[in-house]
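# here is a sequence together with a model predicted from it:
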Amino acid sequence: MAVFGATPGLDLESRDPRPSIVNSALSCADLLCVLLADRVATFMRRSRSASHLVQRLGGTILVALGLNLAFSRH
């Protein structure tokens, strides 16, 4: 059976089913990460202390990167 755009000589019926299982598992993991990120973002928007902590952390990271760049010998 010829499939448009398929690789010549590739028999689609004899493919190993494991890649589709792996892809399904990874898709579920992606969905869980998105849902968790939504909950974290909602918490950050509602909590003043969490927002302040994230701003401090981001600023500290930027200062550390700037210091690393300033004192690097490359």
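Perfect, thanks for sending it.

# after the helix or strand encompassing residue 43 comes which helix or strand?
Per DSSP states H and E: residue 43 is located in helix 18-46. Following helix 18-46 in sequence order, the next helix or strand is helix 48-71 (DSSP H and E).

# what comes into contact with that following helix?
Residues from elsewhere that reach helix 48-71 (Cβ atoms under 8 Å, 6 or more residues apart in numbering): 43, 44, 45. To be clear about C-beta, it is placed using only N, CA and C from the backbone, and glycine gets the same treatment.

# the second one: what's it in contact with?
Right, residue 44. 50, 51, 54.

# need these in a markdown table with neighbour count and pLDDT, can you?
Converted to a markdown table, the contacts of residue 44 look like this (neighbours: other Cβ atoms under 10 Å; pLDDT from 0 to 100):
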| residue | neighbour count | pLDDT |
| --- | --- | --- |
| 50 | 13 | 89 |
| 51 | 13 | 86 |
| 54 | 12 | 89 |
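
# and these as CSV, adding distance to residue 65?
What follows is these, written out as CSV (distance: Cβ to Cβ, whole Å):
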residue, distance to residue 65
50, 23
51, 22
54, 17
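
# would you mark the buried spots in stretch 67-74?
By 16 or more other Cβ atoms under 10 Å, stretch 67-74 has no buried positions at all.

# now swap in stretch 43-53 and tell me
Neighbour-count burial for stretch 43-53 flags no residue at all (criterion: 16+ other Cβ under 10 Å).

# offset the numbering so it begins at 6, please.
From this message on, residue numbering opens at 6, which makes the last subject stretch 48-58.

# tabulate the CA atom coordinates of it in PDB.
This file holds the C-alpha atoms of stretch 48-58, laid out as PDB (Å, rounded to 0.1, in the frame of the first residue of the first chain):
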ATOM      1  CA  PHE A  48      -0.800  31.500  42.900                       C
ATOM      2  CA  MET A  49       1.900  34.000  41.900                       C
ATOM      3  CA  ARG A  50      -0.700  36.500  40.700                       C
ATOM      4  CA  ARG A  51      -2.700  36.300  43.900                       C
ATOM      5  CA  SER A  52       0.200  36.200  46.400                       C
ATOM      6  CA  ARG A  53       2.100  39.400  47.000                       C
ATOM      7  CA  SER A  54       4.900  37.700  48.900                       C
ATOM      8  CA  ALA A  55       5.400  35.100  46.100                       C
ATOM      9  CA  SER A  56       5.500  37.900  43.500                       C
ATOM     10  CA  HIS A  57       8.100  39.800  45.600                       C
ATOM     11  CA  LEU A  58      10.200  36.600  46.000                       C
END
